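*Asks:* Take this sequence and fold it.
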Amino acid sequence: MDEQALLGLNPNADSDFRQRALAYFEQLKISPDAWQVCAEALAQRTYSDDHIKFFCFQVLEHQVKYKYSELTTIQQQLIRETLISWLQAQMLNPQPEKTFIRNKAAQVFALLFVTEYLTKWPKFFFDILSVVDLNPRGVDLYLRILMAVDSELVDRDVVHTSEEARRNTLIKDTMREQCIPNLVESWYQILQNYQYNNSEVTCQCLEVVGAYVSWIDLSLIANDRFINMLLGHMSIEVLREEACDCLFEIVNKGMDPVDKMKLVESLCQVLQSAGFFSIDQEEDVDFLARFSKLVNGMGQSLIVSWTKLIKNGDIKNAQEALQAIETKVALMLQLLIHEDDDISSNIIGFCYDYLHILKQLTVLSDQQKANVEAIMLAVMKKLTYDEEYNFENEGEDEAMFVEYRKQLKLLLDRLAQVSPELLLASVRRVFSSTLQNWQTTRFMEVEVAIRLLYMLAEALPVSHGAHFSGDVSKASALQDMMRTLVTSGVSSYQHTSVTLEFFETVVRYEKFFTVEPQHIPCVLMAFLDHRGLRHSSAKVRSRTAYLFSRFVKSLNKQMNPFIEDILNRIQDLLELSPPENGYQSLLSSDDQLFIYETAGVLIVNSEYPAERKQALMRNLLTPLMEKFKILLEKLMLAQDEERQASLADCLNHAVGFASRTSKAFSNKQTVKQCGCSEVYLDCLQTFLPALSCPLQKDVLRSGVRTFLHRMIICLEEEVLPFIPPASEHMLKDCEAKDLQEFIPLINQITAKFKVQVSPFLQQMFMPLLHAIFEVLLRPAEENDQSAALEKQMLRRSYFAFLQTVTGSGMSEVIANQGAENVERVLVTVIQGAVEYPDPIAQKTCFIILSKLVELWGGKDGPVGFADFVYKHIVPACFLAPLKQTFDLADAQTVLALSECAVTLKTIHLKRGPECVQYLQQEYLPSLQVAPEIIQEFCQALQQPDAKVFKNYLKVFFQRAKP
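*Replies:* The predicted model follows:
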């Protein structure tokens, strides 16, 4: 072996040596006999360095995994012998190998096992057992090999081919017949031998039993001698967590419902009499988390049995199962309420399923009602934050608690389905008593009281948030709680979690304010002062900006008396903060978008006359326009790139804010009706010069383009004079991405204004196409994936543009470009349909071709188009689907084929018998299609039902492809 290269295997080696070692590894993998050197090194124990041993196993692993079939019988025999002699050597080694080497060796054994067990090495396990006997080092390796075999055969995370899956099923069947009873016996011996003197081997063995239980005969494990031993392990501190997991796997195994019930009940009796159900005596939370998972498994297994028995009509046994479930509820509640969230979280599944049973029962017993109430109280208690929760810097622990809270929410929703009245009464009790004394109550209790009110909105569902009408008792209870929330002064509580929960709840129950509008002013003040948008925490300010916009939008009819006051109070929050003034504004630019939108909503939905609305909108947007002009001048002069970028960002924010105000307009309240057209046209005049700025093109263009999209919707035809100059700027020195984003703008105009923009489209059609072709023809590196993807996306955009033009009845735009250009365009569509393996673009191309045939394919179509149909369009309909890349198993490709069928049908519709004749006598014979198939094809084409032909075409090409 190359000793120099091997030096690079050491993790501390320098990068040159490491590179050399990697290259050497690749070289050995390719070499036909290098593996033999590695096999010999392992068998002879040539090297003492762990990294070299690991390396040798890696080379062997590659050989077994990818090249085994190329080896001769003698070479395959050599690999088997190498592994067995390595295993024998482990019995005598003074020191065991490092764990990572033992694991890698186990993987190689397992790979060899799945390759050879069914054919050459049926005695695999017997051979290994005869070597290892009960030697602790050997047993350790034997158990690691078993785990590696299990993961090769049943690991859900490993993706297997269907061939491998079949092989694995066959291996498991053969193992069940030939060796599983012997393996189980070996596990029993190992457990009995080592349970008191080698906890590591015992735990490994328990893990093996737990893994294999899912696919071997359960009676081999679920019998007195095994279960008694496992229960014995439950009392040994170092073994009990593993024993718990093993019992969980046994309980989880699918089996007959009555047998499962007996198994679970017998287990429970023993565990209970051994004192495991006395949770409060147990201090080891890690064990309790495993125990909770076991109880959850037992509870859910009993519920599955109950469900099956009810379904089978076995009422007697179902009754017994329900009885068994009920006796576990007290234990479930102890675990659910446990202060450790992992322990509590592990039992939630059982709890949820138990409530599902109660939901199906027509009458609940007193005990069951008490259980429901107990679960409810447990959920309320466990929803509470603890002292350690870090609100300012949320890390992993906080994220886990948020997830746990989501699980509890599901329980609360389920409780509401079982007993909505009880839930409402319990929440009301907690809420009222907490809010009475909120000034002296800890933050987590105040937060949870408001949180519960918030959660009721989803737990007690109604349509369109109508919580305050309909059921009187429910409506009045919610109304009372909301009134308490907004009048108690709790919005001043000095903790971010309470503040946020207050605003979330106010917005969630916005319909309350239509019933009691007198509370709107005090809530608006909370939003606008130091409790909300001016809070000391940026997190609160940010969330409040969003919630404030929702609040105002949903209550816009009630806002009229407060509009001017609100607009004055938010004035400073609308400031565009330029990069140079160093002033840290209260809100980020993303948050400011919501404030601008809110201002727009207030103005547009006000009851003011149009002149007043226009004046207010001008007040809102003029500062933006003025700042924009100044900043654009500064950008033109800026030298430093970082400064250019921050100025461009600021300009972009200005455009974005103006754009966002326009979201307030609707079909009922259009820009025109509100008298605001002029203000937005002024914005357009102000923003468009940014398109000709040579600096920071991407950022500026993207902002202005978005604004144009909005204005096309809002200003209707008034926007049209601005489109040609804007287009001209945007087509100057563009990249693929620019064009790709510009085309949707043209598509929007084309689809919306149709004939009105025909002259403009005719004028800019070829310049746009030249720009597109120029980018598509640029040479790119062969392996440049992103450039290839950009071109593909641009090609799609180009075809989408042609589709919009033809689909909007504007084919004259293309027709008036002169014969040569028309032909060039048509050829690109044919290429798109046939040559590029992109089914999305192909589908679009066939849609364009169908449309053009429909418009031009008749007797009075343009000169030469009929020839083009037969020379190019008809062949495209066959050449595209016949390509190897046209995958008929792919959904997008099937859609493309469907449009191809439409194209052929349209040709037949426009050209009639002449088309059939051409296919029969010229085109299909040229493809060597058999006469009877030609006949069949033409008959399908002439069917009046287009669907029949679509289905036929798929079958036609499936047959035609090798």
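
*Asks:* quick one, strands of the stretch 851-962 of the chain?
*Replies:* For the stretch 851-962 of the chain, applying DSSP state E, counting those that start in this stretch gives no strands.

*Asks:* mind listing the helices in it by residue range?
*Replies:* Remark: helices assigned in the stretch 851-962 of the chain by DSSP state H, counting those that start in this stretch are 865-868, 874-882, 891-911, 913-918, 924-926, 931-941, 946-960.

*Asks:* Select, out of those helices, the one closest to Val238.
*Replies:* In this view, these are compared for proximity to Val238 by Cβ to Cβ, and helix 891-911 is the closest at 54.6 Å. In short, each C-beta sits where N, CA and C put it, glycine included.

*Asks:* Output the helices of the stretch 851-962 of the chain in CSV, with mean pLDDT appended to each entry.
*Replies:* Rendered in CSV, the data for the helices of the stretch 851-962 of the chain read as follows (pLDDT from 0 to 100):
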stretch, mean pLDDT
helix 865-868, 94
helix 874-882, 96
helix 891-911, 96
helix 913-918, 95
helix 924-926, 95
helix 931-941, 94
helix 946-960, 93
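
*Asks:* need these in CSV with distance to Ser344 and mean neighbour count, can you?
*Replies:* Formatted as CSV, the entries for those read as follows, by distance: least, Cβ to Cβ, whole Å; neighbours: other Cβ atoms under 10 Å:
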stretch, distance to Ser344, mean neighbour count
helix 865-868, 73, 17
helix 874-882, 59, 20
helix 891-911, 44, 20
helix 913-918, 73, 15
helix 924-926, 72, 14
helix 931-941, 65, 15
helix 946-960, 55, 15
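
*Asks:* Below-threshold pLDDT in the stretch 501-650 of the chain: ranges please.
*Replies:* Residue ranges of the stretch 501-650 of the chain with pLDDT under 70: 578-583.

*Asks:* Let me see the ranges of the helices in the stretch 151-300 of the chain.
*Replies:* Counting by DSSP H, counting those that start in this stretch, one finds helices in the stretch 151-300 of the chain at the ranges 162-178, 180-194, 199-212, 224-233, 240-252, 257-273, 285-311.

*Asks:* Dump the ones you listed to TSV, plus distance to Ala787.
*Replies:* Conversion of the helices of the stretch 151-300 of the chain to TSV gives the following (distance: least, Cβ to Cβ, whole Å):
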stretch	distance to Ala787
helix 162-178	37
helix 180-194	56
helix 199-212	48
helix 224-233	62
helix 240-252	52
helix 257-273	60
helix 285-311	51
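
*Asks:* ok so, going back, between the helices of the stretch 851-962 of the chain, which one is closest to Gln639.
*Replies:* Evaluated over these, closeness to Gln639 peaks at helix 891-911, with 48.9 Å, by Cβ to Cβ.

*Asks:* got the contact list for that closest one?
*Replies:* Contacting residues not belonging to helix 891-911 are listed as 833, 839-840, 842-843, 846-847, 849-850, 853-854, 857-858, 866, 869, 873-874, 877, 880-881, 886-888, 915-916, 941-942, 946, 949-950, 953-954, 957 [Cβ atoms under 8 Å, 6 or more residues apart in numbering].

*Asks:* Compare the helices of the stretch 151-300 of the chain and report which one is nearest to Val757.
*Replies:* In terms of Cβ to Cβ, the element of the helices of the stretch 151-300 of the chain nearest to Val757 is helix 162-178, at 54.9 Å.

*Asks:* what angle do that closest one and helix 180-194 make?
*Replies:* Compare the direction of helix 162-178 with that of helix 180-194 by axes from the mean of the first three to the mean of the last three Cα atoms, to 10 degrees and you get 70 degrees.

*Asks:* buried ones in the helix or strand hosting Ala475?
*Replies:* Element membership for Ala475 (DSSP states H and E) is helix 472-487. Along helix 472-487, these residues count as buried under the neighbour rule (16 or more other Cβ atoms under 10 Å): Lys474, Ala475, Ala477, Leu478, Gln479, Met481, Met482, Thr484, Leu485, Val486.

*Asks:* Kindly reformat the helices of the stretch 151-300 of the chain as a markdown table and extend each row with mean neighbour count.
*Replies:* Output for the helices of the stretch 151-300 of the chain, formatted as a markdown table (neighbours: other Cβ atoms under 10 Å):
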| stretch | mean neighbour count |
| --- | --- |
| helix 162-178 | 13 |
| helix 180-194 | 17 |
| helix 199-212 | 21 |
| helix 224-233 | 16 |
| helix 240-252 | 22 |
| helix 257-273 | 17 |
| helix 285-311 | 21 |
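
*Asks:* for the chain, which spans come out with low pLDDT?
*Replies:* When residues are selected by pLDDT under 70, those of the chain lie in 1-14, 17, 21, 578-583.

*Asks:* For the closest residue to Ser469 other than its chain neighbours, give me its contacts.
*Replies:* Spatially, and ignoring its direct neighbours in sequence, Ser469 is nearest to Ala475 (6.2 Å; Cβ to Cβ, 6 or more residues apart in numbering). Contacts for Ala475 (Cβ under 8 Å, 6+ apart) come out as His467, Phe468, Ser469.

*Asks:* Then Asn783?
*Replies:* In this structure, Asn783 makes contact with no residue, judged by Cβ under 8 Å, 6+ apart.

*Asks:* do Asn605 as well
*Replies:* With contact set as Cβ under 8 Å, 6+ apart, Asn605 has these partners: Asn556, Lys557, Met559, Ala664, Gln669.

*Asks:* And those, which is closest to Leu153?
*Replies:* Sorting the contacts of Asn605 by how near they are to Leu153, with Cβ to Cβ, puts Ala664 at the top with 62.0 Å.

*Asks:* isn't the closest one right up against Ser606?
*Replies:* No. Taking contact to mean Cβ atoms under 8 Å, the distance of 10.3 Å between Ala664 and Ser606 leaves them out of contact.

*Asks:* of these two, who's got more company?
*Replies:* With neighbours defined as other Cβ atoms under 10 Å, Ala664 and Ser606 compare such that Ala664 has more, 24 against 19.
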